[in-house]
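[1] heads up, no residue letters with this:
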C-alpha cells in the first residue's frame, strides 16, 4: 500500500497520474489525502505498513497556485505545518520535489525502487498550472 499525502496544489495530481500510469489503482493500491491543517484524517494518522509519498513544490509557488484559484485560505500555514510535522515524525517518507530538476528524477527513481514498480513522469508539464 502507498499513501499519497500532500498540501493541495503541491503536485498531488502530477504524482497521482504517475502512479496510475504505472498501473496502480486509487483506493486499491494507493490512498490519497490532502493535509487539512486539523491533524484529524485517518489516512494520515493511521499507522500502516506502507510507503508514503509527499509531493512538494516551493512554498511560495503553492501559495501562488492557491491565490490563482481564488483560494486565500487562512488555513494554508496549518496545512503546511501538518505536512512538515508528518515528515519529521515518520519513517519511510519519500519526498518528490516536482519542481526541482536537480532532485526529482533521482527521487522518482528511489520511489520506483522502493515500491518495485517503475514510475515515469512527464516533467515537461508545468506543475500547478492546471485547473
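    Thanks, I have the structure now. Source: prediction; values computed, not measured.
[2] how far out from the middle of the chain is the helix or strand bottoming out on mean pLDDT in the chain?
    Counting by mean pLDDT, DSSP states H and E, the chain has its least confident helix or strand at helix 42-45, which shows a mean of 82. When C-alpha coordinates are averaged (C-alpha atoms, centre = their mean, to the nearest Å), helix 42-45 and its chain have centres 14 Å apart.
[3] in it, what's buried?
    For helix 42-45, burial by neighbour count (16 or more other C-beta atoms under 10 Å) applies to residue 44. Heads up, the C-betas are built off the backbone N, CA and C, glycines and all.
[4] looking at this protein, which helix is longest?
    Longest helix in the chain by number of residues (criterion: DSSP state H): helix 76-89.
[5] pretty sure residue 15 sits in a helix.
    Yes - counting by DSSP: H, G, I helix; E, B strand; the rest coil, residue 15 falls inside a helix.
[6] per-residue pLDDT, the residue lying closest to it once chain neighbours are set aside?
    Nearest-residue entry for residue 15: residue 55, 4.3 Å, with adjacent residues in sequence omitted and distances by C-beta to C-beta, 6 or more residues apart in numbering. On pLDDT, residue 55 comes in at 95.
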